[in-house]
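S.K.: pasting a predicted model and its sequence here:
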Amino acid sequence: MSGDEFRAGPEDGRPVLLLHPWWGVTPAVREWAGLLAGVGRRVVVPDLYEGRVASTVEEAEVLAEGLDHGAVLDRLDALTSEFTGTWAAMGFSLGASFASRLLGRAADGPDRLVLFYGGRPPGEEVGRLRRVDLHVVPEDPYLTAEELGEVAESFRAVGVAPRVHTYEGSGHWFAERGSPGFHEEAFDLARSRVLDHLGS
């Protein structure tokens with residue numbers, strides 16, 4: 001896997017590892033990178049698809065299924081080994097799943113997770129994690145209520161009770177402009193919450 005990624009924000013800003021959804025590095029991902037950079041964060045966005053971007057669900061499924069998860073996690077470990085001080089991991093759907101798997105893989109893992117309509121139960125080792133925000137929607141076919149409950153409970157079990165933000169009236173992908181599920185009002189609220197959180 002190549003080392004394609006782009007970076008935004010001040011070089012001395014606290015890092016955020018921003019992990020894209022199954023579409024790839026879309027304009028929506030770049031928009032979020034710009035927003036985070038605007039509050040002083042140093043944003044690193046690895047391109048797990050090496051320049052490919054899906055335009056349909058079927059294409060996205062093929063790209064996501066073609067990933068070597070072990071190689072992805074090794075690459076993310078290498079990227080984050082460059083970080084100094086505390087840093088956050090933020091991901092959308094597929095990216096949220098990978099963000100959840102970074103805990104415990106290195107001594108200096110993320111202290112914050114921001115997960116949009118995705119995530120996985122953490123292992124027993126969560127390192128210095130101290131805050132988890134889950135941004136979810138009701139009746140999500142990609143993250144069912146049962147799955148969300150399992151993820152939330154697993155974080156509580158390791159001592160990090162997640163903050164669950166539910167966006168009524170919206171659906172999966174609501175926070176990604178240009179996606180099939182984009183919802184302007186929900187996006188505006190999520191943007192405010194994320195920037196207040198990661199800009200502090």
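M.R.: Received it, and whenever you're ready, just let me know what you need.

S.K.: and what about residue 115, helix, strand or coil?
M.R.: strand (DSSP: H, G, I helix; E, B strand; the rest coil).

S.K.: quick one: the strands in the chain, in order.
M.R.: 5-8, 15-19, 42-46, 88-92, 112-116, 131-136, 163-166 (DSSP state E).

S.K.: how near is residue 167 to residue 133?
M.R.: Separation of residue 167 from residue 133 (Cβ to Cβ, to the nearest Å): 13 Å. Glycine gets a C-beta too; all of them are placed from N, C-alpha and C.

S.K.: surely residue 199 is in contact with residue 37?
M.R.: No - assessed by Cβ atoms under 8 Å, residue 199 is found out of contact with residue 37, at 10.8 Å.

S.K.: looking at the two now, which is surrounded by more residues?
M.R.: residue 37 (17 against 13; other Cβ atoms under 10 Å).

S.K.: show me which helix runs longest in the chain.
M.R.: Counting residues, the longest helix found in the chain (DSSP state H) is helix 184-198.

S.K.: so where is the chain shaky, pLDDT-wise?
M.R.: Residue ranges of the chain with pLDDT under 70: 1-3, 105-107, 200.

S.K.: quick revisit: which helices and strands sit right next to the longest helix of the chain?
M.R.: For helix 184-198, the elements it packs on are helix 27-38, strand 88-92, strand 112-116, strand 131-136, judged by 3 or more Cβ pairs under 8 Å, 6 or more residues apart in numbering; DSSP states H and E.

S.K.: how about those in TSV, adding distance to residue 17?
M.R.: Output for the helices and strands packed on helix 184-198, formatted as TSV (distance: least, Cβ to Cβ, whole Å):
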stretch	distance to residue 17
helix 27-38	11
strand 88-92	5
strand 112-116	10
strand 131-136	15
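
S.K.: quick one, which of the ones you listed is nearest to residue 180?
M.R.: Closest approach to residue 180 among the helices and strands packed on helix 184-198 (Cβ to Cβ): helix 27-38, 11.6 Å.

S.K.: if you count contacts, what does that closest one end up packed against?
M.R.: Looks like helix 27-38 contacts strand 5-8, strand 15-19, strand 42-46, strand 88-92, helix 184-198 (3+ Cβ pairs under 8 Å, 6+ apart).

S.K.: using a markdown table, lay out those together with distance to residue 66 and mean neighbour count.
M.R.: Formatted as a markdown table, those follow (distance: least, Cβ to Cβ, whole Å; neighbours: other Cβ atoms under 10 Å):
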| stretch | distance to residue 66 | mean neighbour count |
| --- | --- | --- |
| strand 5-8 | 19 | 16 |
| strand 15-19 | 17 | 26 |
| strand 42-46 | 16 | 23 |
| strand 88-92 | 18 | 26 |
| helix 184-198 | 29 | 16 |
